[in-house]
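*Asks:* Turn this into a structure:
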Amino acid sequence: MFIILLCKEHFRCVKFKDEKYVHEFGKHLRKLRKDNNLSQEELANDADIPINQIGRIERAEINTTISTMLAISKALDIHITELFSFDKKADKK
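*Replies:* Okay, the predicted model is just below:
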């Protein structure tokens, strides 16, 4: 279940059921992107997704789709499972 809230900046904010996991995923994606010396814009272009999408995923503003994750993994030239290879403690919290 999620709740849509209107932030004071008039952007839509979404409360995710597994907010900690989405946050950890975003941090891990940022690390993978930086390890590949890519800007958010370069990764978005390589993945053929909207330019602001990578930043929104990294900041845990959105819970992205499987198809977007597949496109990102291909752009990073990694197996999609590597996107989920971050600290397993996030799974248990």
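
*Asks:* Spell out, range by range, the strands that occur in the protein.
*Replies:* Secondary structure of the chain (DSSP state E): strands located at 3-6, 12-15.

*Asks:* which of those has the lowest average pLDDT?
*Replies:* For those, the weakest mean pLDDT is recorded on strand 3-6, namely a mean of 44.

*Asks:* Now do stretch 77-84: distance from first to last residue.
*Replies:* End-to-end distance of stretch 77-84 (CA to CA, to the nearest Å): 15 Å.

*Asks:* Return the distance of that stretch from the chain's centre.
*Replies:* Relative to its chain's centre, stretch 77-84 lies at 13 Å (CA atoms, centre = their mean, to the nearest Å).

*Asks:* again with stretch 43-51
*Replies:* In terms of CA atoms, centre = their mean, the gap separating the centre of stretch 43-51 from the centre of its chain is 13 Å.

*Asks:* That stretch: which residues count as buried?
*Replies:* Buried positions in stretch 43-51, judged by neighbour count with 16 or more other CB atoms under 10 Å: 43, 44, 46, 47, 49. All C-beta spots, glycine's among them, are computed from the backbone N, C-alpha and C.

*Asks:* Can you flag which of those residues belong to helices?
*Replies:* Mapping those onto helices (DSSP state H) picks out 43, 44, 46, 47.

*Asks:* tell me the contacts of the second one?
*Replies:* In other words, residue 44. Residue 44 makes contact with 50, 51, 52, 53, 54, according to CB atoms under 8 Å, 6 or more residues apart in numbering.

*Asks:* What's the separation between it and residue 53?
*Replies:* To residue 53, residue 44 is 6 Å away according to CB to CB, to the nearest Å.

*Asks:* now the closest residue to residue 36 other than its chain neighbours: how far from residue 54?
*Replies:* Excluding the flanking residues, the one nearest residue 36 by CB to CB, 6 or more residues apart in numbering is residue 76, at 5.8 Å. Using CB to CB, residue 76 is found at 11 Å from residue 54.
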